[in-house]
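Novice: I need the structure of the sequence given here:
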Amino acid sequence: MAVRIALGADHAGFALKQVLVERLRSAGHEVVDLGTDSEESVDYPVFAHAVAAQVAGGEVERGLLVCGTGLGMCMAANRHPGVRAADCVTVAMADMARRHNDSNVLCLGARLLDGDEAWTILQAWLTTPFEGARHERRVAQIDDLAPASGD
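Specialist: Numbering: from 1, shown residues only. As a prediction, the model looks like this:
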């Protein structure tokens, strides 16, 4: 199933982003590349917020963010209501991020993954469905800012 996906990267993730853009387009996905456009140093939150805003606003179905580790991008993206960003370094993590958490933004670390590893994780994340059922309640609680009941 082809999806409309927004991509963003900082300087550390630029090269890997370029590889993934090509592979996504070759696989028939519609890619919205929000930068960066070189390996010149930039601030990762700018790109994380741009991608997360498009996901939160429904302009795209999914988002992909790439930086050195994926951590900073993930933290910034998750500040947006309705965004469930997951930093995944294995296929199993990507699978569970989709099945149980309905992740709509994938974060990848260019310093941790090569192009083939990142592509395999991305493919798993794109093709794994959300299971729903008991997980729907839990996903709804992610955006609930009220404190937990304590149990």
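Novice: For the helix or strand harbouring residue 140, what does the pLDDT average out to?
Specialist: Element membership of residue 140, judged by DSSP states H and E, is helix 134-142. Across helix 134-142, pLDDT averages out at 89.
Novice: Low-confidence regions, this protein specifically.
Specialist: Within the chain, the segments meeting pLDDT under 70 span 145-151.
Novice: how much space between residue 113 and residue 123?
Specialist: Per Cβ to Cβ, to the nearest Å, residue 113 is found 13 Å from residue 123. Yep, even glycine has a C-beta here, placed from its N, CA and C like the rest.
Novice: So for the two, which sits in the more crowded spot?
Specialist: Legend: neighbour count by other Cβ atoms under 10 Å for residue 113 and residue 123, higher for residue 113 (21 against 15).
Novice: So which residues of this structure form helices?
Specialist: Ranges of helices in the chain, per DSSP state H, are 14-26, 44-56, 71-77, 91-99, 115-127, 134-142.
Novice: Nearest to residue 35, out of the ones you listed?
Specialist: Nearest of the helices of the chain to residue 35, taken as Cβ to Cβ: helix 44-56 at 6.0 Å.
Novice: Which parts of the closest one count as buried, going by neighbours?
Specialist: For helix 44-56, a neighbour-count test (16 or more other Cβ atoms under 10 Å) marks 44, 45, 47, 48, 49, 50, 51, 52, 53, 54, 55, 56 as buried.
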